[in-house]
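**Q** Sequence and predicted structure below; questions after.
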Amino acid sequence: MGWGFTPPPRTSLTSGGAMEVIGSYVIDILMTLASTTILALIGFVWKISHRVSSLEKTIEAFKGIHDRDINEVRKDIDMICSNVDKNRDWTTNRMMSIARDFPKG
């Protein structure tokens with residue numbers, strides 16, 4: 001036949017041979033289905049594991065970007081706080097002069 005399948009030998013249908021032939025075909029079909037199912041399961045597990053590993057790499061990359069952003073924000077906040085501390089007297093005096101010049105009434 002060319003498919004790697006050899007049919008069982010023909011027997012007489014009246015002597016119970018039909019059941020043997022049908023049983024043989026059923027066993028062949030069940031074995032084919034079982035092997036196909038096993039291969040599909042192996043492929044599914046491989047695909048899922050590959051997808052999980054690629055998602056883990058993506059998460060690690062995003063975590064690194066997030067950590068760098070947090071560090072930059074902290075540096076910016078520290079710089080702003082140090083500038084405010086340096087210019088505190090000037091800022092206070094300027095605000096007081098604006099408050100004095102503000103019309104009351």
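**A** Nice, thanks for sending it over. Numbering: from 1, shown residues only.

**Q** Does residue 62 lie in a helix or a strand, and which?
**A** In the assignment (DSSP states H and E), residue 62 maps to helix 17-86.

**Q** quick one: low-confidence ranges for the protein?
**A** Low-confidence segments of the chain (pLDDT under 70): 1-17, 90-91, 99, 104-105.

**Q** which residue is nearest the middle of it?
**A** residue 55 (3.8 Å; Cα atoms, centre = their mean).

**Q** Contact partners for that one?
**A** Counting by Cβ atoms under 8 Å, 6 or more residues apart in numbering, residue 55 makes contact with nothing. The C-beta positions use only the backbone N, C-alpha and C, and glycine is treated the same way.

**Q** Against residue 68, how distant is it?
**A** Distance of residue 55 to residue 68, given as Cβ to Cβ, to the nearest Å: 21 Å.
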